[in-house]
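Novice: mind looking at a prediction? Sequence and model below.
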Amino acid sequence: MTQHTFHNEADSRAQRTQQALFEAFTTLVLQRPYDDIRIADIIQQAGIARSTFYQHYRNKDDILVNSMHGMLVVLADAATGRGRHGAVQHILEHFWENRQLGRIILNSPAYRRITTELAQIIEARWQETPPPASGIPARLLSIQLAEGQFSVIRTWLSGTIGCRVDALATHLLGTPAGAM
């Protein structure tokens, strides 16, 4: 077996393990309150060993953040003027299709972890291109943008205020509605 083959098999195995953990985590989130989910529950549901879990994640929040990383990057791009309407709309459609899970996650203690991660990604974007000069530190601006984006998404997912997906995408991109 070549070194390349070994790495491909190891990568595939790691991806299968991460997928099994994510599916187990998702199943449990839909069944019980977030705070009631323990690592033991996740590994039992996934059918893996505790040591295998810790090779991939530190805690259940890491599973969530890892699974949402691509979405968070799209939202960070939108918040910093680098976003594409189609990508943001696609993320919002995904949130809507999975709104039961989204409402649970965005109203759980994990909400803080997700917004912190989004703020960190936004702040990293400001390292590449600084934010408009406003006298507000980039970290503070990043937190405001992350909280604002998820506040709007969380309210929209609750169903209390309706909005077209394309209009919400436009808003998150910072473009006045209808000016596309």
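Specialist: Received, thanks.
Novice: buried residues of stretch 129-141, list them for me.
Specialist: Pro131, Ala138, Leu141 (16 or more other CB atoms under 10 Å). The way it works is simple: take the backbone N, C-alpha and C, and place the C-beta from them, glycine included.
Novice: got the phi and psi for the first one?
Specialist: Same thing as Pro131. According to degrees, to the nearest 10, the main-chain angles of Pro131 amount to phi -70, psi 160.
Novice: what's the distance between the residue most central in space within the chain and Gly102?
Specialist: Among the residues of the chain, Met68 comes closest to the average C-alpha position under CA atoms, centre = their mean, at 2.9 Å. If you measure Met68 against Gly102 using CB to CB, to the nearest Å, the figure is 10 Å.
Novice: surely Ile91 is in contact with Met71?
Specialist: Yes. Using CB atoms under 8 Å, Ile91 and Met71 qualify as a contacting pair, with a distance of 5.0 Å.
Novice: quick one: low-confidence ranges for the protein?
Specialist: 1-10, 175-180 (pLDDT under 70).
Novice: let's see 90
Specialist: The chain contains residues with pLDDT under 90 at 1-15, 18, 26, 29-35, 64, 66-67, 98-110, 126-138, 159, 174-180.
Novice: quick one: contacts for Thr24?
Specialist: Careful, residue 24 is Ala; it's not Thr. For Ala24, the contacting residues are Ile42, Ile43, Gln45, Ala46, by CB atoms under 8 Å, 6 or more residues apart in numbering.
Novice: try 6 Å this time
Specialist: Ile42, Gln45, Ala46 (CB atoms under 6 Å, 6 or more residues apart in numbering).
Novice: from the residues you listed, which is closest to Ser108?
Specialist: When the contacts of Ala24 are ranked by distance to Ser108 (CB to CB), Ile42 comes first, at 15.0 Å.
Novice: what's the helix or strand for the closest one?
Specialist: Using DSSP states H and E, the secondary-structure element containing Ile42 is helix 39-46.
Novice: okay, domains of the chain per the record?
Specialist: Structurally, the chain divides into domains by automatic domain parsing as follows: 1-57, 59-180.
Novice: highest mean neighbour count out of the ones you listed?
Specialist: Between the domains of the chain, domain 59-180 has the highest mean count of neighbours, a mean of 16, where neighbours are mean count of other CB atoms under 10 Å.
Novice: pull the longest helix from the chain.
Specialist: Ranked by residue count, the top helix of the chain under DSSP state H comes out as helix 3-31.
Novice: fine by me, we can end here.
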